[in-house]
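Visitor: Return atomic coordinates for the entry below.
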Amino acid sequence: MGIENLLKSNILVTTVDAVVNWGRKYSLWPMPMGTACCAIELMSTLASRYDMGRFGAERLSFSPRQADLMIVAGRVSIKMMPVVIRIWEEIPEPKWCIAMGACASSGGVFDTYTLVQGIDQFIPVDVYIPGCPPRPEGVLDALVKIQKLVEQDSIKKRK
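Guide: Numbering: from 1, shown residues only. Prediction:
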């Protein structure tokens, strides 16, 4: 085997963005913000039947400083919204958000003065999961969509 063949078979060319995003894509640390029945479906997504760990997101973080994905599952009251905003602001960049269920996405059937009619009025949402409550398959689909967003991210865009 000549030196040229040895070099051709052992050289890998890639970008820093591709390597970093590959690592981020398969090591998301979700911060669950479960306020209602959607949180039960989120728990079932983590269990053995659906196993969110297959996608690299099994380690839930209950500290916002160690999370990079916030999952708001359920209805959010006006009094609770400042807490959600504070938690969102404490998550370091890069960060992503999933609005899980009809209540978090648009207020759902609870069109009252006490509940927020969609968390996207206060924090940026990357992926919406429809349903009341959404099925675990919907949560996994949203996670895959977040992974695609992570894959397209660039270090150059970060400050």
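Visitor: mind listing the helices for this structure?
Guide: In the chain, the segments counted as helices under DSSP state H are 3-9, 16-25, 38-46, 81-90, 101-106, 136-152.
Visitor: What's the mean pLDDT across stretch 55-67?
Guide: Here stretch 55-67 scores 90 as its mean pLDDT.
Visitor: Give me the buried positions along that stretch.
Guide: For stretch 55-67, the buried set under the neighbour-count rule, 16 or more other Cβ atoms under 10 Å, comprises G56, A57, L60, S61, P64, A67. C-beta coordinates here come from the backbone N, C-alpha and C atoms, glycine included.
Visitor: just how off-centre is that stretch within its chain?
Guide: Relative to its chain's centre, stretch 55-67 lies at 9 Å (Cα atoms, centre = their mean, to the nearest Å).
Visitor: still on that earlier bit, so for V125, which of the helices of the chain sits nearest?
Guide: Taking Cβ to Cβ, helix 101-106 is the member of the helices of the chain nearest to V125, at 7.8 Å.
Visitor: helices and strands around the closest one, which ones?
Guide: With contacts defined as 3 or more Cβ pairs under 8 Å, 6 or more residues apart in numbering; DSSP states H and E, the packing partners of helix 101-106 are helix 38-46, strand 69-73, strand 127-129.
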